[in-house]
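Undergrad: Mind looking at a prediction? Sequence and model below.
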Amino acid sequence: MNVIRTVLGDIPAKKIGVTDSHDHLIRSGGPEVNLDPAFLMDDLEASKKEFKAFLDAGGHTMICMDPIGCGRNVPKMMELAACFEGQGNIVMTTGFQKGSLYDPRTSFLATVDTSKVVDMMIAEITEGMDRHSYNGPVVERVQAKAGLIKAGTSYRVITDLEQKALKVAAQTQNATGCPISVHTDFGTMGPELLDIIEKNQGNPEHTIICHVQRNPDRYYYKMLLDRGAYLCFEEADKAQYRPDTEIAENIKWILEQGYGRQVLLGMDGGRKEGLASYMELKGLAKGLDYMLNRFVPVMRWVGILEEDIHKILEENPARAFAIWQ
């Protein structure tokens, strides 16, 4: 039986429920925070409020995309998940972000042999995550396991370090049956990253390509969908980049072309201003529940059928995030 590996343990894939396929609840540090303090989201109580709002809106599972070296906080996420046991699920990730967030000369991803890095990732999925997220010489495994492998690529290039991370992801997937989710800068380099995954015993049909809404090219979407990959659309409520209707219309087009089984939806609040609970001291803001309370109605308004919305929010995540056994 295929399972979803949540922080609190495995559940049958069909029990995933309404899913936010790409988001962030806690980020306790890392290079993104050094670039912009708005990336720091380290308030456990605020994160509890945010997750509860998502559950109250009808959500059930959130895929949290903070990997090794980018502020992942295993103890806090375990505490957060435990507060909502029986109400909702959280899935955590192992793996890496795009290469610019790691030192290409001295990070362990750069210096350690690929096979040994693969072993480290396999252990996070099969034995338990490292409490310290591999930030030093001490490794202390916890009961909670990672349920997803992350990799990342840059804008119009896949650096040597990113190619290594993709190889690690593919080989880890081959050993564990765990899905891969890839950050792409502006939605680019999709075919190339799938080539690397496939050449290293990974499966494009068990791979999720994120941030495709940033590259609204329907011909490009078809190229990726024909390879069997899942496309994850995120970033509703970011009007400075694109209106919600543009995202919804592109999803509708994909459905009309017959690729409805390969579409996922995430909010990807990403920064403090995307989480209402973190903004309370400043004023009224919208949060991660926007995806269900505000964006799903836009999907209906552009003509997406209820059966397709159900597919995108529940049926597709049940397959995409399943660990194949």
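TA: Arrived safely, thanks for sending. Just so it is clear, the model here is predicted, and its values are computed rather than measured.
Undergrad: Report the buried residues of stretch 47-58.
TA: Ser47, Lys48, Lys49, Glu50, Phe51, Lys52, Ala53, Phe54, Leu55, Ala57 (16 or more other Cβ atoms under 10 Å). In short, each C-beta sits where N, CA and C put it, glycine included.
Undergrad: Extract the C-alpha set from it and format it as PDB.
TA: Extracted in PDB, the C-alpha atoms of stretch 47-58 (Å, rounded to 0.1, in the frame of the first residue of the first chain):
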ATOM      1  CA  SER A  47       2.500  29.000  13.000                       C
ATOM      2  CA  LYS A  48      -0.100  27.100  15.000                       C
ATOM      3  CA  LYS A  49      -2.700  29.900  14.200                       C
ATOM      4  CA  GLU A  50      -1.800  29.800  10.500                       C
ATOM      5  CA  PHE A  51      -2.100  26.000  10.200                       C
ATOM      6  CA  LYS A  52      -5.400  26.100  12.200                       C
ATOM      7  CA  ALA A  53      -6.800  28.700   9.800                       C
ATOM      8  CA  PHE A  54      -5.900  26.400   6.900                       C
ATOM      9  CA  LEU A  55      -7.700  23.500   8.600                       C
ATOM     10  CA  ASP A  56     -10.700  25.600   9.400                       C
ATOM     11  CA  ALA A  57     -10.900  26.500   5.700                       C
ATOM     12  CA  GLY A  58     -11.300  22.800   4.800                       C
END
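Undergrad: Please renumber the chain so that the first residue is 59 from this point on.
TA: Happy to do that; since the first residue is 59 now, the last one works out to stretch 105-116.
Undergrad: starting at the chain centroid, how far to that stretch?
TA: 18 Å (Cα atoms, centre = their mean, to the nearest Å).
Undergrad: Contacts only, for the residue nearest to Thr184 when sequence neighbours are not counted.
TA: Once flanking residues are discounted, Thr184 sits nearest to Thr234: 6.3 Å by Cβ to Cβ, 6 or more residues apart in numbering. Counting by Cβ atoms under 8 Å, 6 or more residues apart in numbering, Thr234 touches Ile180, Ile183, Thr184, Ile381.
Undergrad: where's the last one relative to Leu206, distance?
TA: This means Ile381. According to Cβ to Cβ, to the nearest Å, Ile381 and Leu206 sit 9 Å apart.
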